[in-house]
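Engineer: I would like to see how this sequence folds:
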Amino acid sequence: MKKVLAIVLVLALALSMAACGGKGGAGTPSTAGPNSAGGASGEQVTLSFWTLALTPTFTDFIQGLIDKYEAENPNVKIDWQDLPWDGIQDKFLTQTAGGNPPDVVNIWSQLALTYAGKGALLDLEANATEEQKSIYLEAAYDSARLGDSVYAFPWYATPNICVYNKDLLAAGGITQVPGTFDELFDAAIPFKKATGANLFTPATMFHMFYAYGIEMVNEDATKATFNTPEALALVTRLKELGDAGAINTAPGDWDNWDGDRQLYANEMLAMVLGGPQTVSRLRDESPAILDKSGVASMILGPANVCGEAIMNLVVSKASKHPQEAIDFANFITNDENQLAFCHEVSIFPTTKVASADPFFQSDMESLEGQANYYASQSAQNAVDMTLGIEKDDDVKRIVDNIMDKIFASGMTPQEALDAAEQEVNTLLAS
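Structural biologist: Predicted coordinates:
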């Protein structure tokens with residue numbers, strides 16, 4: 001499900017979000033040093049700002065924030081470009097190598113760690129002020145941490161929740177929404193036999209390991225650590241469910257939020273595990289199913305952690321105006337702007353003040369309001385499931401392929417774990 005959480009989610013939000021501006025809040029000083037926006041020099045500065053898949057739907061929103069910032073900082077002009085999510089990676093590295101990097105960029109945590117590992121991003125822990133850094137929730141801020149350095153300001157998060165079909169659960173003999181993956185595993189095969197539908201789709205193997213507290217690499221990121229009896233038991237259990245037809249087993253089925261929504265709309269899947277924006281997407285695409293739907297907190301494993309996708313703003317290390325770029329990124333992600341954003345879309349803020357706002361418990365009548373509430377509850381146990389290493393995305397990909405090795409290639413669970421362990425060890429040694 002990580003592509004949903006880290007990439008496809010960007011497009012999903014872009015279809016459902018509306019936007020709003022706001023005044024700068026705490027942690028957004030008008031000056032951040034002698035060369036900052038609004039500094040004494042009065043030098044005219046142009047910052048390039050890249051976002052992901054926000055136009056044309058959110059042109060007014062982004063431009064409104066830019067206009068406000070420029071009015072407050074008349075020596076700064078923002079050159080805004082919006083890019084598709086699959087086009088940003090190569091363009092960023094190409095322009096950085098060519099000496100013309102963007103100043104502020106909207107990317108997800110795994111990509112931020114990859115860029116940071118290549119030396120392309122500014123260390124905000126070392127270069128931002130304490131006032132600027134202090135506004136964020138610790139877990140959100142640390143999602144882009146490598147060692148003692150942090151390479152992003154978190155913009156917004158989407159803690160996972162559970163959207164479920166009340167009628168379908170009842171038809172399968174389930175009277176209370178399961179709260180743990182073990183409960184789902186126990187109920188999945190009887191539910192399939194009773195209804196012909198699947199009860200749930202597992203998260204990716206990377207996320208399942210996280211949910212079960214299975215560490216994936218050692219402390220110094222030199223070798224894999226996930227080939228354990230606990231991992232074998234989990235993988236074996238999932239294979240049993242797949243062999244019984246109680247979960248989908250085709251490659252990519254566990255990383256397909258769009259597919260899960262379609263199955264849910266057709267009552268072939270009883271639960272969708274994803275961000276709260278699932279409700280608004282279903283209302284747009286399949287409104288009839290919402291009459292049968294309820295929402296709950298995310299399903300948890302023994303580690304008691306919930307996944308959330310965090311979108312960030314990073315500053316290029318080669319920016320010619322780093323302090324102005326830091327100031328602008330901090331403005332976009334401050335308390336007031338994040339909370340105003342949440343009033344228009346089912347996302348959750350990454351700042352301390354905004355996340356504690358009563359707004360998230362203000363509407364328990366509508367399904368969207370309930371989704372926001374349960375997202376705020378899930379956020380208490382939420383982490384952006386990254387390893388904090390440069391090769392995070394590569395390790396994730398190998399771990400996610402474990403079930404494909406079993407279902408598509410015919411390996412036993414132990415053979416698949418052995419093969420994945422060897423691949424990760426080779427990767428980390430390179």
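
Engineer: summarise which helices and strands the biggest strand by length in the chain is packed against.
Structural biologist: Criterion DSSP state E: the longest strand present in the chain is strand 306-315. On a contact count with 3 or more CB pairs under 8 Å, 6 or more residues apart in numbering; DSSP states H and E, strand 306-315 meets strand 104-108, helix 109-117, strand 153-159, helix 205-211, helix 322-332, strand 382-383. To be clear about C-beta, it is placed using only N, CA and C from the backbone, and glycine gets the same treatment.

Engineer: for that strand, buried residues please.
Structural biologist: Within strand 306-315, the residues scored as buried using 16 or more other CB atoms under 10 Å are 306-315.

Engineer: can I get the helices and strands packed on strand 306-315 in a markdown table including mean pLDDT?
Structural biologist: What follows is the helices and strands packed on strand 306-315, written out as a markdown table (pLDDT from 0 to 100):
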| stretch | mean pLDDT |
| --- | --- |
| strand 104-108 | 94 |
| helix 109-117 | 88 |
| strand 153-159 | 91 |
| helix 205-211 | 94 |
| helix 322-332 | 98 |
| strand 382-383 | 76 |
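
Engineer: quick revisit: what strands flank the longest strand of the chain, and is each parallel or antiparallel?
Structural biologist: Sheet pairing for strand 306-315, assigned by DSSP bridges, gives strand 104-108 (antiparallel), strand 153-159 (antiparallel), strand 382-383 (parallel).

Engineer: any idea of the mean pLDDT in it?
Structural biologist: Average pLDDT, strand 306-315: 90.

Engineer: may I have that strand exported as PDB, CA atoms only?
Structural biologist: As requested, the backbone C-alpha atoms of strand 306-315 are provided in PDB (Å, rounded to 0.1, in the frame of the first residue of the first chain):
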ATOM      1  CA  CYS A 306      -0.300   3.200  12.100                       C
ATOM      2  CA  GLY A 307       1.100   4.200   8.700                       C
ATOM      3  CA  GLU A 308       0.700   7.700   7.400                       C
ATOM      4  CA  ALA A 309       2.000   9.300   4.200                       C
ATOM      5  CA  ILE A 310       3.700  12.700   4.800                       C
ATOM      6  CA  MET A 311       4.200  15.200   2.000                       C
ATOM      7  CA  ASN A 312       7.100  17.500   2.600                       C
ATOM      8  CA  LEU A 313       8.800  20.700   1.400                       C
ATOM      9  CA  VAL A 314      12.600  20.400   1.000                       C
ATOM     10  CA  VAL A 315      15.300  23.000   0.200                       C
END
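
Engineer: now the angle from that strand to helix 109-117?
Structural biologist: 40 degrees (axes from the mean of the first three to the mean of the last three CA atoms, to 10 degrees).

Engineer: pLDDT at residue 5, what is it?
Structural biologist: The model's pLDDT for residue 5 equals 36.

Engineer: repeat that for the one 5 residues further on.
Structural biologist: Looking at residue 10, its pLDDT reads 38.

Engineer: and the closest residue to residue 318 other than its chain neighbours, what does it touch?
Structural biologist: The spatially closest residue to residue 318, leaving aside those adjacent along the chain, is residue 101, at 4.7 Å (CB to CB, 6 or more residues apart in numbering). Residues in contact with residue 101 (CB atoms under 8 Å, 6 or more residues apart in numbering) are 92, 95, 120, 316-319.

Engineer: okay, these in a markdown table with secondary structure and distance to residue 280 next?
Structural biologist: As requested, these are exported to a markdown table (DSSP: H, G, I helix; E, B strand; the rest coil; distance: CB to CB, whole Å):
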| residue | secondary structure | distance to residue 280 |
| --- | --- | --- |
| 92 | helix | 30 |
| 95 | helix | 34 |
| 120 | coil | 34 |
| 316 | strand | 33 |
| 317 | coil | 37 |
| 318 | coil | 38 |
| 319 | coil | 35 |
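
Engineer: find the centremost residue of this protein, please.
Structural biologist: residue 309 (1.1 Å; CA atoms, centre = their mean).

Engineer: where's that residue relative to residue 107, distance?
Structural biologist: Distance of residue 309 to residue 107, given as CB to CB, to the nearest Å: 12 Å.

Engineer: the strands in the stretch 201-350 of the chain, which residues?
Structural biologist: For the stretch 201-350 of the chain, the strands defined by DSSP state E, counting those that start in this stretch occupy 271-274, 293-297, 306-315, 348-349.

Engineer: distance from the last one to the middle of the chain?
Structural biologist: Using CA atoms, centre = their mean, to the nearest Å, the mean C-alpha position of strand 348-349 is found 11 Å from that of the whole chain.

Engineer: let's see the helix or strand that comes right after that strand as CSV, backbone CA atoms only.
Structural biologist: The first helix or strand that comes after strand 348-349 along the chain, using DSSP states H and E, is helix 352-355. Extracted in CSV, the C-alpha atoms of helix 352-355 (Å, rounded to 0.1, in the frame of the first residue of the first chain):
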residue,chain,number,x,y,z
LYS,A,352,1.6,20.7,17.1
VAL,A,353,-0.9,23.5,17.4
ALA,A,354,-2.9,22.7,14.3
SER,A,355,-3.1,18.9,15.2
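
Engineer: closest to residue 418 out of the strands of the stretch 201-350 of the chain?
Structural biologist: Proximity to residue 418 (CB to CB) singles out strand 306-315 among the strands of the stretch 201-350 of the chain, at 26.5 Å.
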